[in-house]
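Chemist: what's the 3D shape of this:
(2 chains)
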Protein chains: 2
Amino acid sequence: MKNHPFDIASQITPLDDGRFRGTTSPAYANMAGPFGGATAATLMRVVIEHPERTANPVAFTVNFCAALRDGDFDISVKLQRSAKYTQHWSLELEQNDIICATATVICGARANVFSHQSGEPPQAPPPEECMEMETVGALNWLNRYKFRPVDGTIQFSRDPHVELKSPRNIHWVNDHPERPLDYLSLAAIADTFILRLLYVRGTMAPMGTVSMTTYFHTTGEELAKQQSAPLLGVATAERFHGNFHDQAMTLWGKDKLLLASGTQLVWYKE
Amino acid sequence: MKNHPFDIASQITPLDDGRFRGTTSPAYANMAGPFGGATAATLMRVVIEHPERTANPVAFTVNFCAALRDGDFDISVKLQRSAKYTQHWSLELEQNDIICATATVICGARANVFSHQSGEPPQAPPPEECMEMETVGALNWLNRYKFRPVDGTIQFSRDPHVELKSPRNIHWVNDHPERPLDYLSLAAIADTFILRLLYVRGTMAPMGTVSMTTYFHTTGEELAKQQSAPLLGVATAERFHGNFHDQAMTLWGKDKLLLASGTQLVWYKE
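Modeler: Model (predicted):
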């Protein structure tokens, strides 16, 4: 998928000093700088393409330390520990001598052991029965995904909703143009859930994710079956207080399997 | 609280090379090595007691890379980024030249802005009406907490439950002996939820947390009000597959406020 906008946005080039250079892509532009999911995928790619990697990722945390500006950035990687069952990787992303993000990726050996899914996806009509959200003219990165809301969309307002809305929403989501799902795109899709404060309050305000953790429950075989079919995504939040709020998400694939789950901590100004 | 077992277990001593030495404590002994929550608190203490810290923690991720043995260990800390609203810290914990844990702590400036709690604690009788769980003779760290189950306890078995049980449980929990709640103890209590696989299957098997992320929703003022009163804790899980399972938890304090929420990724062998 060398020419897919996602692969262009997340591509890396090895530097002489052992680091890797990435470049922000206009196709995934956010309000200012790039969509965080594209940055997350670029960090993840350093591990995915690393010759010493022995297994697929199971856990991924990205901390966004400073606003990334459009242009080049450099990523350093350290294999902290490589053992029989897990590998622990640490990464730092630097731009103009500022650490803009840190990340940890844990890779884990999988075997055919006890398997049980206690969670269930929410009820939803199939994607083809859900109307696609209109994103033309919106932020570029929103156009890199097809969102099919199941239970309504954000109700934007100039004034905060008199009655605050639910932070929960359900939608179908996949890459646009379509692209077979892999750990890179799953890491990015985990960040496509609009910040919950917008759902609750309806007003635009300075806000941004400061930390994001994603767990991958899916094996490579399941991913191969998923192909580019839409994932059913659910996101919610529990508390908005003192400039920060949480956000939790689940992403469900074919056969109602949970492919990934995750949390974010979001900063907001007022 | 210098003489509380928790403060002894999480104490740190500065070394000449800029690192900090910690020592495992028998009072928080687990099956092998220390309770992960004590290790997490020791890492957190390096940031909490750091002279350059400007705000209280809002997000905390610990990755357990290798089994920690009883004895000394050394922690290095790096302030990755210090800005107006957030500070990002990275830590590494080393023992016998092996990285046994990495961690990131984000501290965040709080102000009296928009506040809204969309989540609600589960229904539960007050702690004084819930019978304390018998932990005498069990692992030492279990005796460092008072657990008051609200909806039953683990049903251990020699053979896996024929019908798998729910991964969800609710209990009241606080330090034993009592200790006023702070970010350190909250970081440890976040790790007191018994691994969900035990609830579901009932059988003992090799297993351990590989990554844990905790978000602190509480301000210092709320913590001061909480004192040593029990927290209402809820934990659940969604999927057990290919040697790993997730686990999510919430911890509720006085006035039904959400003080912390978090997730874990757990490895299991068979």
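
Chemist: low-confidence ranges in the stretch 1-150 of chain A?
Modeler: A:1 (pLDDT under 70).

Chemist: hey, where'd the helices end up in it?
Modeler: A:5-9, A:36-48 (DSSP state H, counting those that start in this stretch).

Chemist: for B:Gln80, find the nearest of those.
Modeler: helix A:36-48 (14.1 Å; C-beta to C-beta). For the C-beta atoms, the positions are set from N, CA and C on the backbone; glycine is no exception.

Chemist: the closest residue in space to A:Gly108 that isn't next to it in sequence: what's it in contact with?
Modeler: Closest residue to A:Gly108 apart from its sequence neighbours, by C-beta to C-beta, 6 or more residues apart in numbering or on different chains: A:Val58 at 3.8 Å. For A:Val58, the contact set (C-beta atoms under 8 Å, 6 or more residues apart in numbering or on different chains) comprises A:86, A:106-108, A:215-216, B:210, B:244, B:265.

Chemist: and the residues you listed, which is closest to B:Trp141?
Modeler: Out of the contacts of A:Val58, the member with the shortest distance to B:Trp141 (by C-beta to C-beta) is B:Val210, at 18.5 Å.

Chemist: quick one: name the residues of the stretch 51-200 of chain A near chain B.
Modeler: Residues of the stretch 51-200 of chain A lying near chain B by C-beta under 8 Å from any C-beta of the partner chain: A:58-59, A:61, A:63, A:65-66, A:80-81, A:83, A:85-86, A:88, A:90, A:92, A:98-100, A:102, A:104, A:106, A:108-119, A:160, A:164, A:166-167, A:197, A:200.

Chemist: of these, buried ones?
Modeler: Buried residues within those, counting neighbours by 16 or more other C-beta atoms under 10 Å in any protein chain shown: A:58-59, A:61, A:63, A:65-66, A:80-81, A:85-86, A:88, A:90, A:92, A:98-100, A:102, A:104, A:106, A:108-110, A:114, A:117-119, A:167, A:197, A:200.

Chemist: picking that back up, in strands, which of the residues of the stretch 51-200 of chain A next to chain B fall?
Modeler: A:58-59, A:61, A:63, A:80-81, A:86, A:88, A:90, A:92, A:98-100, A:102, A:104, A:106, A:108, A:116-117 (DSSP state E).

Chemist: could you pull up phi and psi at the closest residue in space to A:Lys269 that isn't next to it in sequence?
Modeler: Distances taken as C-beta to C-beta, 6+ apart put A:Pro206 closest to A:Lys269, at 4.1 Å, once the chain neighbours are dropped. As for A:Pro206, its main-chain torsions (degrees, to the nearest 10) stand at phi -60, psi 130.

Chemist: A:Asn243 is in contact with A:Pro206, correct?
Modeler: No - with contacts counted by C-beta atoms under 8 Å, A:Pro206 stays clear of A:Asn243, the gap being 10.3 Å.

Chemist: those two: who's more crowded?
Modeler: Neighbour count, other C-beta atoms under 10 Å in any protein chain shown: between A:Pro206 and A:Asn243, A:Asn243 has more, with 24 against 10.

Chemist: check contacts around the more buried one.
Modeler: A:Asn243 neighbours (C-beta under 8 Å, 6+ apart): A:267-269, B:85, B:108-111, B:113.

Chemist: now the end-to-end length of stretch A:86-106.
Modeler: 7 Å (C-alpha to C-alpha, to the nearest Å).

Chemist: kindly report the same for stretch A:45-59.
Modeler: For stretch A:45-59, the first and last residues are 14 Å from each other (C-alpha to C-alpha).

Chemist: identify each buried residue in it, please.
Modeler: By neighbour count on 16+ other C-beta under 10 Å, the buried set for stretch A:45-59 is A:45-48, A:50, A:53, A:56-59.

Chemist: tabulate those residues (JSON lines), appending distance to B:Tyr28.
Modeler: Below are the buried residues of stretch A:45-59 laid out as JSON lines (distance: C-beta to C-beta, whole Å):
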{"residue": "A:Arg45", "distance to B:Tyr28": "39"}
{"residue": "A:Val46", "distance to B:Tyr28": "36"}
{"residue": "A:Val47", "distance to B:Tyr28": "33"}
{"residue": "A:Ile48", "distance to B:Tyr28": "37"}
{"residue": "A:His50", "distance to B:Tyr28": "36"}
{"residue": "A:Arg53", "distance to B:Tyr28": "34"}
{"residue": "A:Asn56", "distance to B:Tyr28": "33"}
{"residue": "A:Pro57", "distance to B:Tyr28": "31"}
{"residue": "A:Val58", "distance to B:Tyr28": "27"}
{"residue": "A:Ala59", "distance to B:Tyr28": "24"}
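
Chemist: okay if I get the contacts of A:Asn243 as CSV plus distance to B:Lys225?
Modeler: Formatted as CSV, the contacts of A:Asn243 follow (distance: C-beta to C-beta, whole Å):
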residue, distance to B:Lys225
A:Trp267, 24
A:Tyr268, 24
A:Lys269, 26
B:Tyr85, 25
B:Gly108, 20
B:Ala109, 21
B:Arg110, 15
B:Ala111, 19
B:Val113, 20
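
Chemist: out of those residues, who's nearest B:Ala38?
Modeler: Out of those, the member with the shortest distance to B:Ala38 (by C-beta to C-beta) is B:Gly108, at 24.5 Å.

Chemist: what's near enough to touch the closest one?
Modeler: Each residue near B:Gly108 by C-beta under 8 Å, 6+ apart is listed here: A:210, A:243-244, A:267, B:55-59, B:85-87.

Chemist: if you set the cut-off to 7 Å instead, what comes out?
Modeler: B:Gly108 makes contact with A:243-244, A:267, B:55, B:58, B:85-86, according to C-beta atoms under 7 Å, 6 or more residues apart in numbering or on different chains.

Chemist: and of those residues, the nearest to A:Asp17?
Modeler: Of all the contacts of B:Gly108, A:Asp17 sits closest to B:Thr86, with 28.0 Å by C-beta to C-beta.

Chemist: in contact with A:Lys165, which residues?
Modeler: Contacts of A:Lys165 (C-beta under 7 Å, 6+ apart): A:155, A:199-200, A:202.

Chemist: for B:Ala138, see how far away the residue nearest to A:Gly108 is.
Modeler: A:Val58 is 29 Å from B:Ala138, where distance means C-beta to C-beta, to the nearest Å.

Chemist: repeat for A:Ile98
Modeler: With C-beta to C-beta as the criterion, A:Ile98 and B:Ala138 are 48 Å apart.

Chemist: ok, A:Asp182 next?
Modeler: A:Asp182 is 44 Å from B:Ala138, where distance means C-beta to C-beta.

Chemist: quick one: which of those two has more around it?
Modeler: Higher neighbour count among A:Asp182 and B:Ala138: A:Asp182, with 19 against 10, using other C-beta under 10 Å.

Chemist: that one contacts A:Leu223, correct?
Modeler: Yes - when contacts are counted by C-beta atoms under 7 Å, A:Asp182 is listed as touching A:Leu223 (6.1 Å).

Chemist: hmm, back to that, between the contacts of A:Asn243, which is nearest B:Ile12?
Modeler: The closest of those to B:Ile12 turns out to be B:Gly108 (C-beta to C-beta; 22.6 Å).

Chemist: so what does A:Glu222 look like in phi/psi?
Modeler: phi -60, psi -40.

Chemist: report pLDDT for it.
Modeler: Looking at A:Glu222, its pLDDT is 93.

Chemist: ok, it - contacts?
Modeler: A:Glu222 neighbours (C-beta under 7 Å, 6+ apart): A:253, A:257, A:259.

Chemist: so the first one makes contact with A:Leu231?
Modeler: Looking back up the chat, that one is A:Gly253. Yes - when contacts are counted by C-beta under 7 Å, A:Gly253 is listed as touching A:Leu231 (5.7 Å).
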